[in-house]
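Enquirer: this is a predicted model, with the sequence first.
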Amino acid sequence: MNGPRRFPEAAREALGDSQLRANLRRATHTIRDRRAAVVAEIGEWEALREAGRAIKEATMRHLDVHLEALERSVTDRGGVVHWARDAAEANATVARLVHEAGAREVVKVKSLATDEIGLNDALAAEGITAHETDLAELIVQLAHDTPSHILVPAIHRNRAEIAALFRRTLPGAQGVSDEPAALAEAARRFLRERFLGARVGVSGANFAVAQTGTVCVVESEGNGRMCTTLPEVLITVMGIEKVIPSLADLGVMLQLLPRSSTGERMNPYTSLWTGVAPDDGPQAFHLVLLDNGRTDVLADATGRQALHCIRCSACLNVCPVYERTGGHAYGDTYPGPIGAILAPQLHGMRGPTTSLPWASTLCGACADVCPVGIDIPGVLIHLRGRVVAQAARGDVPAGERLGMEAMARVFSSRRRYEAAQRLARAGARPLARGGRIEHRLPGPLAGWTMSRDLPAPPAQTFREWWRAR
Amino acid sequence: MRVALFITCLADTLFPEVGRATVTVLERLGHEVVFPEEQTCCGQMHANTGYRAESVPLVRRFARAFEGAGADAIVCPSGSCTAMVRDQYAGLAAASGDAGLEASVTALVPRVFELSQFLVGELGVEDVGAAFPHRVTYHPTCHSLRLLRVGDAPLRLLRAVRGIDLVELGEAEACCGFGGTFAVKNADTSTAMLTDKLQHVLATGAEVCTAADSSCLMHLGGGLSRRRAGVRTMHLAEILAAT
C-alpha cells in the first residue's frame, strides 16, 4: 500500500492538503446525514442492530462448523471451494484458475478482500490484466492510486479531478465534461467493451450463506452483476468471516447494510448466486476462502469483534480523525475506525499498523453508528494494551513508557502526588505569564504546545484549599 | 445526602476553582460534602494509552479512598473520569485477579456520578439557584455524551441559570480533538480538529465556552488563549456556582 509509515507521519501529509480535506468533509457529511435520516425511519433499529450483533457473535464462536457447511453446500451445487491460508496462496489459486480458463484478462467487481491480498498486481505478474469495473475503483486504477474509503474508494477526488483523469486516460474521452452523467457515460462506454470480452469474472462477497451455499454481493451500479453473470468462469474471493448461517440471517444483514453504508433503504443491485446452473450465468464457479490472519484474530476474545464488520463504512463517515486525514494515512485496505482495529490484527500486531489503535480520540461516534454493535473504542483500548505489553518492538517510544511508569508511581502515593503538585507549581513559575504558559516546550509537551497554551498551576491546589477552609 | 467528592487530578492541580464550585453547588443544595484526601488519579490516562498494568494500582487506590467515606454518592465534575470508573473499572478489577478489589469496585461503581447526571438524574434538580448574565455556548464532551449518556442534563441546568444567554454551538457533537494522549501523539490531527471546533465556538459570539470536563476545556482554552480570541472557557460547575 502506502509504504511503511506510522499514522502520525502519514496523517501530517494529508492534513496539509486542503483540497483533500474539503473533498472528504463534503462527501462524509453528505453520506452521514443521509444515513441518519434513513436509520431514523426504522423504529426498531436498536433491536435490529442487536440481532446483527448476535448473529455475528454466534457465527464467530463456531466459525469452523459454518465454513465446513458452506463448503458442502457450494460443492453440492456444482461449485469448487479452495482454502487459502494467506495472500500468496489465494493469489496463486486465482492465477491458476484464470490460466486454466485460457484467459489473459478478467473483469472485477469491487472487492476489499482482493485489494487486501494485492490480487491485481499478482495477476499482472502472471501476465493477466485485471479490469476494475466499479466506477470509483476504475478511477483509482486509472490514476495508479489506492482506494481511500471502504465504500467510496475515490472519495478523496472531486469530479474536476476525475474529469481531468478521464480526459487523459480513457480512449475517446478527451472532451468529457465534469458533469457526473457525462463521466458515467464515458466510463460506461469503456467498461462495456471489457464486459463483452471477458471470459473470467472475479468478485468479492458481502455474505455467504452456509446453509444454502449462496453468495451475495450488493452494489449500486450493476457493473458487479455484469461481472458475475456474463463471464464463463466466476471466481469469488472472500474472507472467512463473511459466512453467515442461514438465509434468515441474510434478511437481517440486508436491512442493516444499505442504510448504514449508502444511506439508502435498499441498494440498487443485490446479486445472489448458488453454485452453477446449466445455460444460466457462469458455467464454473470457484469460491476462495481466505484466512490471511483471520484465525489469529479469532483467538483474541476482545479483538475478534473486528471480524464482525460488514464493511458498511458508517464508522469512517462519522470519524473526526478519518474526516481530517483520509484513508491513505491509515496505510491499509481497511482505513478509519474499523481499520484501526482490524488492520493491526490482520498484520499480526507487527509493523507500522500498530500505530493505528492510537489514531482515535475515543470519541465513540463509530460505536454509535456501527450496525452490528462493534465496541470499537473498547477494542482500540484493548489493542493499545497489547502493543504496550509486547515490549521491545519499538512500537512505543521508550520515553513514553518511562514517563507513564513514573506518573503511575506518583499517583500511587498521596505523599508523592502532593510533592509533584508542588514541584509542578515551582517549575512552571518562570515560564508562566498571566496564568498561562505560551512557550513551545520541548519533550513530551512539544505536541501540545505547538497549537495550545498551557494553564499554569495556580497558587493553591484544590486539596490545599479544602484543608484550609 | 452525604456526598464524597471525586476531584480529578487535573482539576485538583490546574483547575481548583472547578472543585470549589462543585462544593459550592452541592452545599447550597443542602448536602454534606466530604473529600477523601487519599484519592489521586483515576488512571484513565494510563488505561486509555495502553498501560493497563499501571492503571490497576490506581483502581485499587480509588476503591480504598472512597470505601471508607461512608458516602451515599460519589460525585465528579468530569465526564471522562466518571466514564473511566463506570466503564473500565469492573474489567480492570476482574483482570487483576484480586477478588477483594472486584467486590469493592462492584459496590462502588453504581454510586459514582458525573455532576450534571447527579443533579438532574439523581436529585431531580435543574435550578440550582445560579445567576450568570453572559453569553454562553456549551460543548457536550464525547465521554459525557456517548459513554455516560448524560443527554441534555447539562443543558437543562444551564437553561435554568438566571440571566444566561445560551447560544447553540454548531456541530456541537463533534469531538474537539483532545482525546487524552491523542493530543500529543497525534498532535497535527488534534490541532486540525481543534481549529474546526474553535471556528464554531467563535461563530456563536459567546463570551464563555463551557463543558463538563476540565480536560476538553484545557484543550479548547489552550487554543483560544493561543489565538488571543477573547473567549473564556469555564467549567459547567463554575457557572452553576455563580450568583
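Expert: Ah, there it is. Keep in mind it's a predicted model, so treat the numbers as computed, not measured.

Enquirer: please enumerate the strands of the stretch 201-350 of chain A.
Expert: Under the criterion DSSP state E, counting those that start in this stretch, strands of the stretch 201-350 of chain A are mapped to A:207-209, A:214-219, A:233-239, A:243-244, A:269-274, A:284-290.

Enquirer: can you give me the helices in chain B?
Expert: B:9-13, B:16-28, B:44-49, B:52-67, B:79-83, B:89-96, B:99-108, B:115-116, B:142, B:153-159, B:182-185, B:187-203, B:214-226, B:236-241 (DSSP state H).

Enquirer: could you do the stretch 251-400 of chain A as well?
Expert: A:294-298, A:314-318, A:320-325, A:336-346, A:365-369, A:376-389, A:398-411 (DSSP state H, counting those that start in this stretch).

Enquirer: only C-alpha atoms, please: export stretch B:227-243 in CSV.
Expert: Extracted in CSV, the C-alpha atoms of stretch B:227-243 (Å, rounded to 0.1, in the frame of the first residue of the first chain):
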residue,chain,number,x,y,z
ARG,B,227,-5.3,32.8,19.4
ARG,B,228,-5.9,35.6,21.8
ALA,B,229,-9.5,35.0,21.0
GLY,B,230,-11.0,36.8,24.0
VAL,B,231,-13.4,33.9,24.7
ARG,B,232,-13.1,32.2,28.1
THR,B,233,-13.6,28.6,29.0
MET,B,234,-15.4,27.8,32.2
HIS,B,235,-16.4,24.5,33.7
LEU,B,236,-20.2,23.9,34.0
ALA,B,237,-19.8,23.8,37.8
GLU,B,238,-18.4,27.3,37.8
ILE,B,239,-21.4,28.7,36.0
LEU,B,240,-23.7,26.7,38.3
ALA,B,241,-21.9,28.1,41.4
ALA,B,242,-22.2,31.7,40.2
THR,B,243,-24.7,34.0,41.8
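
Enquirer: break chain A into its domains for me.
Expert: What the TED database lists as the domains of chain A is A:64-292, A:398-468.

Enquirer: can you list the domains in chain B?
Expert: B:2-122, B:135-241.

Enquirer: can you tell which of those is closest to A:Ser148?
Expert: Judged by Cβ to Cβ, the one of those that comes nearest to A:Ser148 is domain B:135-241, at 15.8 Å. The C-beta positions use only the backbone N, C-alpha and C, and glycine is treated the same way.

Enquirer: can you get me the start-to-end distance on that closest one?
Expert: End-to-end span of domain B:135-241 (Cα to Cα, to the nearest Å): 16 Å.

Enquirer: wait, does that domain contact chain A?
Expert: Yes - applying Cβ under 8 Å from any Cβ of the partner chain, one finds domain B:135-241 touching chain A at B:142-143, B:145-147, B:173-175, B:177-195, B:218-219, B:221-223, B:225-226.

Enquirer: just the buried residues of those residues.
Expert: By neighbour count, with 16 or more other Cβ atoms under 10 Å in any protein chain shown, these hold B:142-143, B:145-147, B:174-175, B:177-194, B:218-219, B:221-223, B:225-226 as buried.

Enquirer: circling back: let me have the helices of chain B in CSV, extended by distance to A:Asn317 and mean pLDDT.
Expert: Below are the helices of chain B laid out as CSV (distance: least, Cβ to Cβ, whole Å; pLDDT from 0 to 100):
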stretch, distance to A:Asn317, mean pLDDT
helix B:9-13, 32, 97
helix B:16-28, 35, 98
helix B:44-49, 24, 97
helix B:52-67, 31, 96
helix B:79-83, 24, 98
helix B:89-96, 29, 96
helix B:99-108, 36, 97
helix B:115-116, 29, 98
helix B:142, 17, 98
helix B:153-159, 26, 98
helix B:182-185, 20, 95
helix B:187-203, 16, 97
helix B:214-226, 23, 97
helix B:236-241, 30, 98
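
Enquirer: closest one to A:Cys370 among those helices?
Expert: helix B:142 (15.7 Å).

Enquirer: and the closest one, what other elements does it pack with?
Expert: If you count contacts as 3 or more Cβ pairs under 8 Å, 6 or more residues apart in numbering or on different chains; DSSP states H and E, helix B:142 packs onto no helix or strand.

Enquirer: OK, contacts around A:Asp332?
Expert: A:Asp332 makes contacts with A:1, A:339, A:343, A:347, A:353, A:356, as judged by Cβ atoms under 8 Å, 6 or more residues apart in numbering or on different chains.

Enquirer: again, but for A:His328
Expert: A:2, A:10, A:14, A:146, A:148, A:156, A:335.

Enquirer: just those: which has the poorest pLDDT?
Expert: Least confident by pLDDT among those: that is A:Asn2, with 43.

Enquirer: closest one of the contacts of A:Asp332 to chain B?
Expert: Of all those, chain B sits closest to A:Leu356, with 10.7 Å by Cβ to the nearest Cβ.

Enquirer: tell me the pLDDT of that closest one.
Expert: In this model, A:Leu356 carries a pLDDT of 97.

Enquirer: residue closest to the middle of chain B?
Expert: Centroid-nearest residue in chain B: B:Ser78, 1.3 Å away (criterion: Cα atoms, centre = their mean).

Enquirer: now the domains of chain B as a markdown table including distance to A:Asp280?
Expert: Shown next, in a markdown table, are the domains of chain B (distance: least, Cβ to Cβ, whole Å):
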| stretch | distance to A:Asp280 |
| --- | --- |
| domain B:2-122 | 53 |
| domain B:135-241 | 49 |
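
Enquirer: quick one: closest of those domains to A:Arg188.
Expert: A:Arg188 sits nearest to domain B:135-241 of all the domains of chain B, at 37.7 Å, using Cβ to Cβ.

Enquirer: now the closest one: how far from the chain's centre is it?
Expert: 12 Å (Cα atoms, centre = their mean, to the nearest Å).

Enquirer: can you check stretch A:79-87 too?
Expert: Distance, centroid of stretch A:79-87 to centroid of chain: 22 Å (Cα atoms, centre = their mean).

Enquirer: coming back round to it: select from the domains of chain A the stretch with the lowest mean pLDDT.
Expert: Sorting the domains of chain A by mean pLDDT places domain A:398-468 lowest, at a mean of 92.

Enquirer: so it, near chain B or not?
Expert: Yes - Domain A:398-468 is in contact with chain B by Cβ under 8 Å from any Cβ, via A:400-401, A:404-405, A:407-408, A:410-414, A:417, A:421, A:424, A:436, A:438, A:444-448, A:450-455, A:457-458, A:460-467.

Enquirer: around chain B, which positions in the stretch 1-150 of chain A sit nearby?
Expert: So far as Cβ under 8 Å from any Cβ goes, the stretch 1-150 of chain A lies against chain B at A:7-8, A:11-12, A:15, A:21.

Enquirer: sort out for me which of these are in helices.
Expert: Per DSSP H, the subset of the residues of the stretch 1-150 of chain A next to chain B in helices is A:7-8, A:11-12, A:15, A:21.

Enquirer: now those in JSON lines, with neighbour count and pLDDT?
Expert: Below are these laid out as JSON lines (neighbours: other Cβ atoms under 10 Å in any protein chain shown; pLDDT from 0 to 100):
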{"residue": "A:Phe7", "neighbour count": "25", "pLDDT": "96"}
{"residue": "A:Pro8", "neighbour count": "18", "pLDDT": "95"}
{"residue": "A:Ala11", "neighbour count": "25", "pLDDT": "96"}
{"residue": "A:Arg12", "neighbour count": "16", "pLDDT": "94"}
{"residue": "A:Leu15", "neighbour count": "18", "pLDDT": "95"}
{"residue": "A:Arg21", "neighbour count": "19", "pLDDT": "92"}
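
Enquirer: how many other residues sit next to A:Ala181?
Expert: Counted by other Cβ atoms under 10 Å in any protein chain shown, the residues lying close to A:Ala181 total 8.
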